[in-house]
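Asks: sequence unavailable; structure follows:
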DNA sequence: ATTACAATAGAATTTATATTCCAAATTAGA
DNA sequence: TCTAATTTGGAATATAAATTCTATTGTAAT
């Protein structure tokens, strides 16, 4: 009659999550929808009534019951109990882990992760505080006016460049990534036309080619938006708008969190302008 | 007839507790009994039914309703909601902050920047809290044992892949970026040998090739470290270790801050192991 | 295209849960 | 001690929620 359980029925929230993720592929469309909702909104699953959950998840109440049965339960109530358990387990008291972290000298992987997270968070705060609104607007105006945006960033900056390129093309803007494939950066760069713009990323190492490319473009009267790490960076004086982003570092490894954030803001800001 | 409320009715668990302790002396015997039970077993009050609570507290169900009314509520259900809130408060819901953020008013460039910064910060907190130490260690062990680390990530994930590649080679580890230049990803992938490892990045779009490459590698008995965005991602089941990172998003544009952070932690962790 | 099968929505039903009510018990004041 | 007011227990009721059932829709195979 009903679903034969190929598997033992979950006894805890964790088991349930594991089971959901394991069975997910073999579930029907509606049941998948519920599975996703469960994982994304475990609190609702714990406290709301079937009717409420059904409404929010945009399914029928009966579908929730079927969901429960698909995992071997006798009804949804049993599933709900599992999700309630989760609320009871571990209510971690809020510690001042930021402070504690800085003092800790360990370098276990988890410690490193925490340090990077803190470094990034601080960098993000800085970024927002130091950012003059005018600069952002100006940069977006430049990029928006460009027929094609040429994107340049090597080595450490390449992830930023490729991300900008991906996002901005996704938004429908014409762009070109100077990736130096085949060592053809010179050829790639001669493509920059008078109605275009260049966005250049360069950090501490300052790959010479990036600097010289920005210089040449800037002197040619083509607008350059630069993202770099220091006022004394070579890009400061060969760009129309220059952002100085201090990314957090741990053991000399810069984390690009803040720069990424800026890139995204530029791209989305660009999108907002262009759909007006 | 009924209890005139000398006081405004509680809006939160904390207010309720304060009210209970304030009124306690003026309550009847049975109601005192219930008050004590409520303070000692707030979890029961949040999750059990009236009948169950009544039984455990050795009172009549109706007494619980009277208790609620004594504090100005229309029924016990309202009291229960307050006690449920408490369970939710202890796990601050990121969703709420994000939600609030998305709905917030303006979309000036500076606003967008702020939104991304907050979204990233939240994602970072999340990342750290949810990360099991074992997973990190396991991943680092796998990568460290590999003769060559093959790095795979397309489209949106390409920035992550290229960053991992850059950092890890900088540290002196042998690595190979599957960048699909010249459409040669198939050829690039056949290079993965039995003593190597694969690290794969894939998010929501789940570029099919990345999935299939991970599958093939995994089934070939070669260790796979995956970084993806959801438990239901196709990578979950074709990887030796799988990280689920929820990056913040604004206007559907995911910011890679948290993923970047994880990448850096992996790389530096790897460096720490290898210099031992 | 046709059939067989599985999945689904929504109404109908059953079950459970909360609330009300009132008679009985308790307490306080005279 | 007697009376009136208050509190209490527990059955009766009303309300809400979960579950089942069925007609309908969707889907895959022939």
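Replies: That came through fine. Here the structure is a predicted model, which is why all the values come from computation and not from measurement.

Asks: quick check: domain ranges of chain A?
Replies: When chain A is parsed with automatic domain parsing, its domains come out as A:13-88, A:100-274.

Asks: among those domains, which comes closest to residue B:25?
Replies: domain A:13-88 (31.1 Å; CB to CB). To be clear about C-beta, it is placed using only N, CA and C from the backbone, and glycine gets the same treatment.

Asks: the closest one vs chain B: in contact?
Replies: Yes. Using CB under 8 Å from any CB of the partner chain, domain A:13-88 reaches chain B at A:17, A:20-22, A:24, A:32, A:35-36, A:39, A:41, A:43, A:46-47, A:84, A:87-88.

Asks: for the stretch 1-150 of chain A, which segments count as strands?
Replies: A:149-153 (DSSP state E, counting those that start in this stretch).

Asks: got any ranges where it has weak pLDDT?
Replies: Scanning the stretch 1-150 of chain A for pLDDT under 70 picks out the ranges A:1-7, A:90-107.

Asks: again, only using 90
Replies: Scanning the stretch 1-150 of chain A for pLDDT under 90 picks out A:1-29, A:36-37, A:39-43, A:52, A:72, A:74, A:84-135.

Asks: list the buried residues in stretch A:152-167.
Replies: Neighbour counts using 16 or more other CB atoms under 10 Å in any protein chain shown place A:152-167 of stretch A:152-167 among the buried residues.

Asks: got the contact list for residue A:82?
Replies: Neighbouring residues of residue A:82 by CB atoms under 8 Å, 6 or more residues apart in numbering or on different chains: A:10, A:11, A:12, A:13, A:16.

Asks: quick one: residue A:73 from residue A:144, how far?
Replies: Using CB to CB, to the nearest Å, residue A:73 is found at 55 Å from residue A:144.

Asks: between those two, who's got more neighbours?
Replies: Taking other CB atoms under 10 Å in any protein chain shown, residue A:73 and residue A:144 do not tie; residue A:73 has more neighbours (21 against 17).

Asks: not counting sequence-adjacent ones, nearest residue to that one?
Replies: residue A:79 (5.6 Å; CB to CB, 6 or more residues apart in numbering or on different chains).

Asks: again, but for residue A:257
Replies: In space, residue A:257 is closest to residue A:120, 3.7 Å off (CB to CB, 6+ apart).

Asks: start to end distance for stretch A:181-194?
Replies: Start and end residues of stretch A:181-194 are separated by 24 Å (CA to CA, to the nearest Å).

Asks: the domains of chain A into JSON lines, with extra columns for distance to residue B:214?
Replies: Below are those laid out as JSON lines (distance: least, CB to CB, whole Å):
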{"stretch": "domain A:13-88", "distance to residue B:214": "15"}
{"stretch": "domain A:100-274", "distance to residue B:214": "20"}
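
Asks: most packed of these?
Replies: domain A:100-274 (a mean of 20; mean count of other CB atoms under 10 Å in any protein chain shown).

Asks: what is the distance between stretch A:31-39 and the centre of its chain?
Replies: Chain-centre distance of stretch A:31-39: 23 Å, with CA atoms, centre = their mean, to the nearest Å.

Asks: what two of the buried residues of stretch A:152-167 are the furthest from one another?
Replies: Farthest-apart pair in the buried residues of stretch A:152-167 is A:155 and A:167; separation 20.3 Å (CB to CB).

Asks: contacting residues around stretch A:171-188?
Replies: A:143, A:147-152, A:154, A:158, A:161-162, A:164-165, A:168-169, A:189, A:191, A:209, A:213, A:267, A:270-271, A:274, B:181.

Asks: ok, 6 Å please
Replies: With contacts defined as CB atoms under 6 Å, 6 or more residues apart in numbering or on different chains, stretch A:171-188 is touched by A:148, A:149, A:150, A:151, A:152, A:165, A:168, A:169, A:271, B:181.

Asks: can you tell me which of these is closest to residue B:109?
Replies: Distances from residue B:109 to those, taken by CB to CB, are shortest for residue A:271, at 11.0 Å.

Asks: do you know how far that closest one is from DNA strand D?
Replies: To DNA strand D, residue A:271 is 33 Å away according to CB to the nearest atom of the strand, to the nearest Å.

Asks: quick one: contacts for that residue?
Replies: Residues near residue A:271 by CB under 6 Å, 6+ apart: residue A:171.

Asks: could you give the separation of whichever strand or helix holds it from the chain centroid?
Replies: Per DSSP states H and E: residue A:271 is located in helix A:257-274. Taking the mean of its C-alpha atoms, helix A:257-274 sits 12 Å from the chain's own mean (CA atoms, centre = their mean).

Asks: near DNA strand C, which residues of chain A? Just list them.
Replies: A:28, A:29, A:30, A:31, A:59, A:60, A:61, A:62, A:63, A:66, A:77 (CB under 7 Å from any atom of the strand).

Asks: among these, which lie within helices?
Replies: Among the residues of chain A next to DNA strand C, DSSP state H puts A:29, A:30, A:31, A:61, A:62, A:63, A:66, A:77 in helices.

Asks: how much space separates residue A:162 from chain B?
Replies: Counting by CB to the nearest CB, to the nearest Å, the gap from residue A:162 to chain B is 5 Å.

Asks: quick one on the thing from earlier: show me which pair in the ones in helices among the residues of chain A next to DNA strand C is furthest apart.
Replies: A:29 and A:77 (24.2 Å).

Asks: what ranges do the helices span in the stretch 51-200 of chain A?
Replies: Using DSSP state H, counting those that start in this stretch, the helices of the stretch 51-200 of chain A run over A:61-70, A:76-88, A:97-103, A:109-130, A:133-145, A:158-170, A:185-189.

Asks: for these, give me a markdown table that also has distance to DNA strand D.
Replies: Below are the helices of the stretch 51-200 of chain A laid out as a markdown table (distance: least, CB to the nearest atom of the strand, whole Å):
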| stretch | distance to DNA strand D |
| --- | --- |
| helix A:61-70 | 3 |
| helix A:76-88 | 3 |
| helix A:97-103 | 37 |
| helix A:109-130 | 38 |
| helix A:133-145 | 41 |
| helix A:158-170 | 28 |
| helix A:185-189 | 46 |
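
Asks: as CSV, these with distance to residue B:115 would be great.
Replies: Listed next are the helices of the stretch 51-200 of chain A as CSV, based on distance: least, CB to CB, whole Å:
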stretch, distance to residue B:115
helix A:61-70, 34
helix A:76-88, 29
helix A:97-103, 23
helix A:109-130, 10
helix A:133-145, 13
helix A:158-170, 15
helix A:185-189, 34
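
Asks: between the helix holding residue A:271 and helix A:109-130, how big is the angle?
Replies: Counting by axes from the mean of the first three to the mean of the last three CA atoms, to 10 degrees, helix A:257-274 lies at 50 degrees to helix A:109-130.

Asks: farthest pair in the residues of domain A:13-88 next to chain B?
Replies: Those two in those that are separated most widely, counting by CB to CB, are A:32 and A:88, at 28.1 Å.
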